[in-house]
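In: the following block contains a protein sequence and its predicted model.
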Amino acid sequence: MTPVFRTRGLTRVFRMGEVEIHALRGVDMELYAGEFVVLLGASGSGKSTLLNILGGLDSGTEGEVWYRETDLSHATERVLTDFRRHHVGFVFQFYNLIPSLTARENVAIVTDIARHPMDPADALALVGLEERLDHFPAQLSGGEQQRVAIARAIAKNPEVLLCDEPTGALDSKTGIKVLEVLRRINRELGTTTAVITHNAVIADMAERMIRLSDGRVSEVTENPHPVDPDQLHW
Ligand SMILES: Nc1ncnc2c1ncn2[C@@H]1O[C@H](COP(=O)(O)OP(=O)(O)OP(=O)(O)O)[C@@H](O)[C@H]1O
């Protein structure tokens, strides 16, 4: 299987004045096409740093990061912008919706600059919000706002969806609904999906779990029988 992403010896050092923080200390990992992966690890283990580098939001200090045949570690800003714009979708813990725009308009912001976008209404229907197209964020629950954010991330038809604590601000019932949406998109669109979480239970729905400890991959586990999100309890 050809990986969508491959890192080798990836390190990231943040320099704060005299202090150096080694967020990643040599990460070797792959993400394969179409898989659903959960990234676990203690606070500060480097999960967000890794996801940000995979998504072209940040760069490593040393080591290699490949997106298919593109070497992101030596890419120009133009290549990285194109990569972010057309190949990856991001979902964060806080939804980052624009309060003065409706659900449909929040999604259209992205589809307006994408090459092969979905219709915003279709993207919102995929996340179960066909009845909420003209609602403003303040008129939506937290789970619904997160689903708008997911619709916005997938409406450009990205190959990869990178999610940083997507259920972190939600109660378990709402979080499970959001996970069901992510699972459905992964299955129906074949979007390679990586989800960072503190919640080890969520790994039960993933095909693979990658654990980071102190800036390194400490464990990779395959899960031959991923469960449906509605079977998860926490
Ligand atoms: N921009 C930055 N400047 C300085 N240090 C940073 C920066 N981003 C992250 N760090 C540090 O790098 C380390 C790894 O942070 P990171 O956010 O990747 O961890 P994490 O596993 O995602 O943690 P959490 O689960 O708490 O979000 C931490 O010690 C953090 O303080």
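Out: Nice, I can see it.

In: okay, CA-based contacts and neighbour counts for the rest of this
Out: Noted.

In: nearest the middle, which residue of this structure would you pick?
Out: residue 162 (1.4 Å; Cα atoms, centre = their mean).

In: where does that residue sit: helix, strand or coil?
Out: Going by DSSP: H, G, I helix; E, B strand; the rest coil, the secondary structure assigned to residue 162 is strand.

In: who's it bridged to?
Out: On DSSP bridges, the residues paired with residue 162 through beta bridges are residue 90, residue 194.

In: for it, give me its contacts.
Out: With contacts defined as Cα atoms under 8 Å, 6 or more residues apart in numbering, the neighbours of residue 162 are 51, 55, 88, 89, 90, 91, 193, 194, 195.

In: up against the ligand, what does the chain have?
Out: Taking Cα under 6 Å from any ligand atom as the criterion, the neighbours of the ligand within the chain are 14, 23, 41, 42, 43, 44, 45, 46, 47, 48, 49.

In: pLDDT at the fourth one, what is it?
Out: Residue 42 carries a pLDDT value of 95.

In: ranges for the strands of this protein?
Out: When assigned using DSSP state E, the strands of the chain occupy the ranges 3-16, 19-32, 36-41, 62-67, 70-71, 88-91, 160-164, 192-196, 208-213, 216-222.

In: now residue 58. Nearest residue, chain neighbours left out?
Out: For residue 58, ignoring the flanking residues on the chain, the nearest one in space by Cα to Cα, 6 or more residues apart in numbering is residue 52 at 5.5 Å.

In: again but with residue 192, I slipped
Out: residue 34 (4.2 Å).

In: for the one you found, give me its contacts.
Out: 186, 187, 190, 191, 192, 193.

In: at 10 Å what do you get?
Out: Counting by Cα atoms under 10 Å, 6 or more residues apart in numbering, residue 34 makes contact with 3, 4, 159, 160, 186, 187, 189, 190, 191, 192, 193.

In: cool, and residue 45?
Out: With contact taken as Cα under 10 Å, 6+ apart, residue 45 is in contact with 22, 23, 24, 211, 212, 213, 214, 215, 216, 217.

In: number of nearby residues for residue 207?
Out: Using other Cα atoms under 10 Å, residue 207 has 17 neighbouring residues.
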